[in-house]
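Trainee: turn this into a structure:
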Amino acid sequence: MSKTDAAAIQAAKPQSHTTAGITLETPIIRGDQKIDRVTLRKPAAGELRGVALADLIKSDVAALHVVLPRITSPTLTAHEVGQLDLVDLAAIAGEVVGFFMTKADRAALSPAA
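Mentor: Take a look at the predicted model:
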């Protein structure tokens, strides 16, 4: 099997989805720093302490305010999460919900090759 074939097979497999990058419509200004891209990391169980899973799955804003500072890079403060543009918050919430999907769920949503 060639390297190209192996790469194609690997690309076709459902990935574990442990990180997600979001390009912000409205950048966050932190002093002299302009944050226009945020990376989310799939939270571990301990990072969900104090938050109901159902609230995160429903994209509850209060739950997102608790969890996002724990899983964003660069780390967003609770205040910065509160200042996010609604479009950006919705995109981030969608990725957080995606972390709860199984590999089979993601494969079912992927367009057929």
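Trainee: I'd assumed Phe99 was in contact with Lys42.
Mentor: Yes - with contacts counted by Cβ atoms under 8 Å, Lys42 reaches Phe99, the gap being 4.6 Å. Glycine gets a C-beta too; all of them are placed from N, C-alpha and C.
Trainee: name the residues contacting each of those two.
Mentor: His17 (Cβ atoms under 8 Å, 6 or more residues apart in numbering).
Trainee: name the nearest residue to Ala93, sequence neighbours excluded.
Mentor: Counting by Cβ to Cβ, 6 or more residues apart in numbering, Ala93 lies nearest to Ser59, which is 3.9 Å off, once chain neighbours are set aside.
Trainee: and the one you found, what pLDDT?
Mentor: At Ser59, the model reports a pLDDT of 95.
Trainee: that one: neighbouring residues, count only.
Mentor: Residue neighbour count, defined by other Cβ atoms under 10 Å, stands at 15 for Ser59.
Trainee: element containing it?
Mentor: Using DSSP states H and E, Ser59 sits within no helix or strand.
Trainee: Ala44 versus Ala20, what's the distance?
Mentor: 16 Å (Cβ to Cβ, to the nearest Å).
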